[in-house]
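> below is the structure, and that's it, no one-letter string:
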């Protein structure tokens, strides 16, 4: 693709100082949460970051939202800085990127009606007319599959699925270009999950939204994504189109993640999970940066490695020691 | 044919309320054979967990059993005195839960909590029980069991804590293990390890398992026979392969269509997920028909 991507993350590092350690317990250690992550998000696509707890995927999402300062590296939006010096203020940022959280129970104010929750950002952005606010809220509620009269209700009066719809409405009310989806369906039941996934795909098409989805659920990721980045201990170990990742996973960690998803079809056929992958030959004399079985130490910087393009758009992390 | 280990017959359960009894479970019947892994699958509120609590005699007011029997090894558990039931729990029937942090005592070492099983149920000395606890931790593949036995629950990861729960549950070689969403809180790779462990240990010891989960994939990978619950009813039951390859009940079909399947987009392109609400206009229809397949007749046509 040509031109500036909508969102560009360049060599992002996030390190957290952790108290304790050292001989007297007074030392400070640095926890390397994200290590040299680079990603781009194009207009209208869904890019998913997958990985297990602690791999740094949520930290990456928070950095994009401006809720976490990067230790080094940069995030830019349409070529302009989106973090660090020159970053937009919160008001401008709110119109560029919004987030939908995992837990719809925790992310809505229990003391505010849905109308109040949705009206606040509109007022902050200078819309004064009560009728215009009411109109926009009504349109948005209908778009997410609720009705206009439900705006008068409080969050506790809704089911989990409806609350997630409200969370989506809240994120979309300012018409942002990027929506960060942080485990948007993990807390939901199977039937409700299907409804929310369908809704997110419909809204993406309708508004041309760009999604940055954080998830550990690979079957949801396969269903929704255009591109996928697999993270392991703060680094991307493999990145590519959804076809690359699911038809031709190369890195052992990606393969392990895919093989260990409990899937009815796989379980019934009881086939060898690694069979069926057609092998993409690796560049000669290289080895993987990590084999996915041993746990790296989060307090030390990772071994030197690099992402190597093995197919157009398909990159995999290989060791630099060879 | 061998006698079933657990025979739940026409179990009814209600929530007592001033304005009358609300039905929670209606006419639940299923059997678990010795050594068999039986799965109960359903969404939140379908009644799968409350079924397991009823079997264990752990119901609290206002929930109460209003009819039916729970026959375990020939005796009706619902008629047992509380004292006898307490001896049975942990010894012949054991249970593991979703969140091991809340099920374990935070103020006591894991070694002591496992050892307690041997002291209470088998009359072992604490010294002997502690030695057995190290052995039990080793059997669930906890690394460094001699050191880990002195750990408190908060010093362990979620996966390790669940292994401790399994070690406790299997300490007295129970005949039935009830596992209520044991891997739901775990990461995918840890979940796979824990499932493998439950499968291996129970197969080696001949322990029957009642496995409760909302996750169709987990159920398919571990159970031989599956019951699907919806709104307090068992709506379909069949051998696992038959149930997944030929779901007969509208709810089961809806549930399977609602699940994004791995590899399906590669072969069929992106299919819209089934919205159960749009498939079934009248939800009461769902609980009126049932498809319960007798054992061994999995692929037959008669219901």
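Okay, I see it. The structure presented is a predicted model; accordingly, all values stated were derived computationally and were not measured.

> and residue A:261, what is it in contact with?
Residue A:261 sits next to A:217-219, B:188, B:217, B:262 when contact means C-beta atoms under 8 Å, 6 or more residues apart in numbering or on different chains. For every residue, glycine as well, the C-beta is placed using N, CA and C.

> which ones are touching the closest residue to chain B within the stretch 1-150 of chain A?
Distances from the stretch 1-150 of chain A to chain B, computed as C-beta to the nearest C-beta, single out residue A:52 as the nearest residue at 4.1 Å. Applying C-beta under 8 Å, 6+ apart, we find residue A:52 in contact with A:216, A:257, B:187-190.

> mind checking how far it is from residue B:59?
Using C-beta to C-beta, to the nearest Å, one gets 36 Å for the distance from residue A:52 to residue B:59.

> cool, and residue B:176?
Taking C-beta to C-beta, one finds residue B:176 at 18 Å from residue B:59.

> of all the contacts of residue A:261, which two lie farthest apart?
Maximum pairwise distance among the contacts of residue A:261 (C-beta to C-beta): 11.8 Å, between B:188 and B:262.

> who touches both of these two?
In contact with both residue B:188 and residue B:262: A:218, A:261, using C-beta under 8 Å, 6+ apart.

> get me the contact residues on the stretch 201-322 of chain A for chain B.
Applying C-beta under 8 Å from any C-beta of the partner chain, we find that the stretch 201-322 of chain A lies next to chain B at A:216, A:218-220, A:222-223, A:242-243, A:246-247, A:256-258, A:260-268.

> repeat that for 6 Å
Within the stretch 201-322 of chain A, the positions adjacent to chain B are A:219-220, A:222-223, A:247, A:260-265, A:267-268 by C-beta under 6 Å from any C-beta of the partner chain.

> for whatever residue of the stretch 51-200 of chain A ends up closest to chain B, grab phi and psi.
Relative to chain B, the nearest point of the stretch 51-200 of chain A is residue A:194 (3.5 Å; C-beta to the nearest C-beta). Geometry field for residue A:194 lists phi and psi as phi -60, psi -40, criterion degrees, to the nearest 10.

> from the centroid of chain B, which residue is nearest?
Note on chain B: the residue nearest the mean C-alpha position is residue B:211, at 2.8 Å, using C-alpha atoms, centre = their mean.

> could you check how far that residue is from chain A?
Residue B:211 sits at a distance of 12 Å from chain A (criterion: C-beta to the nearest C-beta, to the nearest Å).

> give me the pLDDT value at that residue.
You'll see residue B:211 listed with a pLDDT of 97.

> quick one on the thing from earlier: and residue B:176 and residue B:59? Which one has more around it.
For residue B:176 versus residue B:59, neighbours defined as other C-beta atoms under 10 Å in any protein chain shown are more numerous around residue B:176 (24 against 15).

> quick check, the more buried one in contact with residue B:93.
Yes: the pair residue B:176 and residue B:93 qualifies as a contact (C-beta atoms under 6 Å) at a distance of 4.7 Å.

> please pull out the lowest mean pLDDT helix or strand from chain B.
Confidence across the helices and strands of chain B bottoms out at helix B:284-288, with a mean of 69, counting by mean pLDDT, DSSP states H and E.

> which element follows that helix toward the C-terminus?
Heading C-terminal from helix B:284-288, the first helix or strand you meet, by DSSP states H and E, is strand B:291-292.

> who are the packing partners of the helix or strand where the residue nearest to the centre of chain B lies?
Counting by DSSP H and E, the element that carries residue B:211 is strand B:208-213. On a contact count with 3 or more C-beta pairs under 6 Å, 6 or more residues apart in numbering or on different chains; DSSP states H and E, strand B:208-213 meets strand B:37-41, strand B:176-180.

> what angle separates it from strand B:176-180?
With axes from the mean of the first three to the mean of the last three C-alpha atoms, to 10 degrees defining the directions, strand B:208-213 sits at 10 degrees from strand B:176-180.

> walk me through which strands strand B:208-213 pairs with, and which way each runs.
Sheet pairing here is set by DSSP bridges, and for strand B:208-213 it gives strand B:37-41 (parallel), strand B:176-180 (parallel).

> mind putting these into a markdown table with distance to residue A:172?
What follows is the strands paired with strand B:208-213, written out as a markdown table (distance: least, C-beta to C-beta, whole Å):
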| stretch | distance to residue A:172 |
| --- | --- |
| strand B:37-41 | 34 |
| strand B:176-180 | 37 |
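
> switch those strands over to TSV; also include mean pLDDT.
What follows is the strands paired with strand B:208-213, written out as TSV (pLDDT from 0 to 100):
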stretch	mean pLDDT
strand B:37-41	97
strand B:176-180	96
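
> all helices of the chain, in order?
Picked chain A for this. Across chain A, reading from the start of the chain, the helices by DSSP state H fall at A:57-64, A:90-96, A:114-124, A:130-143, A:160-172, A:190-207, A:218-224, A:242-247, A:252-259, A:264-269.

> chain B, not that one
For chain B, the helices defined by DSSP H cover B:48-56, B:82-88, B:100-103, B:110-122, B:126-139, B:145-148, B:158-169, B:188-205, B:216-222, B:240-245, B:250-257, B:264-268, B:276-279, B:284-288.

> and the first one, what does it pack against?
Contact partners of helix B:48-56 among helices and strands, from 3+ C-beta pairs under 6 Å, 6+ apart: strand B:176-180.

> ok, now the fifth one?
Packing partners of helix B:126-139 (3+ C-beta pairs under 6 Å, 6+ apart): helix B:110-122, helix B:145-148.

> most tightly packed of these?
Ranked by mean neighbour count under mean count of other C-beta atoms under 10 Å in any protein chain shown, the helices and strands packed on helix B:126-139 are led by helix B:110-122, which reaches a mean of 21.

> tell me which residues are up against it.
By C-beta atoms under 6 Å, 6 or more residues apart in numbering or on different chains, the list of residues contacting helix B:110-122 from outside reads B:91, B:105, B:124, B:129-130, B:132-133, B:136, B:149-151, B:164, B:167-168, B:171-172.

> and if we set it to 8 Å?
Contacts to helix B:110-122, defined as C-beta under 8 Å, 6+ apart, come from residues B:87, B:90-91, B:104-105, B:124-126, B:128-130, B:132-134, B:136-137, B:148-153, B:156, B:164, B:167-168, B:171-172.

> are any of these buried, and if so which?
Of all these considered here, the ones buried according to neighbour count by 16 or more other C-beta atoms under 10 Å in any protein chain shown are B:90-91, B:104, B:124, B:129-130, B:132-134, B:136-137, B:148-149, B:151-153, B:156, B:164, B:167-168, B:171-172.

> before we move on, the earlier item: list residues touching both of residue B:176 and residue B:93?
Where contact means C-beta under 8 Å, 6+ apart, the residues bridging residue B:176 and residue B:93 through contact with each are residue B:72.

> point out where chain A drops to low pLDDT.
Within chain A, the stretches with pLDDT under 70 are A:1-2, A:20-27, A:270-286, A:289-296, A:321-322.

> show me what from the stretch 51-200 of chain B comes close to chain A.
B:187-192, B:195.

> buried residues, stretch A:310-322. List them.
Of the residues in stretch A:310-322, those scored as buried under the neighbour-count criterion (16+ other C-beta under 10 Å) are A:310, A:314-318.

> and which of those residues is nearest chain B?
Nearest to chain B among the buried residues of stretch A:310-322: residue A:314, at 15.2 Å, using C-beta to the nearest C-beta.

> these two touch, right, the closest one and residue A:244?
Yes: taking contacts as C-beta atoms under 8 Å, residue A:314 lies within contact range of residue A:244: 4.2 Å.

> rewinding a little: tell me who's in contact with the residue of the stretch 51-200 of chain A closest to chain B.
Applying C-beta under 8 Å, 6+ apart, one finds that residue A:194 lies in contact with B:257-260, B:273-276.

> give me the local confidence score for residue B:115.
As summarised for this prediction, residue B:115 has a pLDDT of 96.

> from residue B:167, how far off is the nearest residue to it once chain neighbours are set aside?
The shortest distance from residue B:115 to any residue other than its chain neighbours is 3.7 Å, reached at residue B:129 (C-beta to C-beta, 6 or more residues apart in numbering or on different chains). Here residue B:129 is placed at a distance of 13 Å from residue B:167 (C-beta to C-beta).
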